[in-house]
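In: A predicted structure for the sequence below; I have some questions about it.
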Amino acid sequence: MATPRPRVWSDMSSNEKREHYLEWRAPLRGAAISSVAWVSDPTGPTFSAAAVVNGTRTNIDITAPAVSGDVTYKIRCKVVDATGRIHETEPPVELRVRPGGNF
């Protein structure tokens, strides 16, 4: 199954908030996104302002948690397209959070 890029997002500092996105055009094969869900492993980052742009792009604001040492999170996005097919980031997108920051 084709999945969106990138595989790694740039590092964030504790408490930083930043918009991220994934482009699903290739895996959707012409269908539009009808629903989207975001999760992380381990839990910690906060997801807000989820949006679908032009039917093929998922946008999300991620707020990094306060951490005392570097933590790498595996972020997954699951979308369901208008035909009922499920698409998921596989492998998950990696996001490293470093201590410091007060955004």
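Out: Cool, the structure landed. Residues are numbered from 1 along each chain as shown.

In: Report the buried residues of the helix or strand hosting Ser34.
Out: Per DSSP states H and E, Ser34 falls inside strand 33-41. For strand 33-41, the neighbour count (16 or more other C-beta atoms under 10 Å) marks 33, 36, 38, 40 as buried. To be clear about C-beta, it is placed using only N, CA and C from the backbone, and glycine gets the same treatment.

In: Please name every helix or strand in contact with the lowest-mean-pLDDT helix or strand in the chain.
Out: Lowest on mean pLDDT, DSSP states H and E among the helices and strands of the chain sits helix 25-28, with a mean of 92. Helices and strands touching helix 25-28, by 3 or more C-beta pairs under 8 Å, 6 or more residues apart in numbering; DSSP states H and E: there are none.

In: roughly how far out does that helix sit from the chain middle?
Out: 16 Å (C-alpha atoms, centre = their mean, to the nearest Å).

In: Just the C-alphas of it, formatted as CSV.
Out: Backbone C-alpha positions of helix 25-28 (Å, rounded to 0.1, in the frame of the first residue of the first chain) are rendered in CSV as follows:
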residue,chain,number,x,y,z
ARG,A,25,-3.3,11.9,-3.2
ALA,A,26,-1.4,8.8,-4.5
PRO,A,27,-2.9,6.3,-2.0
LEU,A,28,-6.4,7.7,-2.5
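
In: For Asp11, grab phi and psi.
Out: Main-chain dihedrals, Asp11, degrees, to the nearest 10: phi -60, psi 150.

In: That one and Trp24: what is the separation?
Out: 24 Å (C-beta to C-beta, to the nearest Å).

In: which of the two has more neighbours?
Out: Neighbour count, other C-beta atoms under 10 Å: between Asp11 and Trp24, Trp24 has more, with 25 against 14.

In: And the longest strand along the chain, what does it pack against?
Out: The longest strand of the chain (DSSP state E) is strand 71-81. Here strand 71-81 touches strand 33-41, strand 57-63, strand 86-88, strand 93-98, going by 3+ C-beta pairs under 8 Å, 6+ apart.
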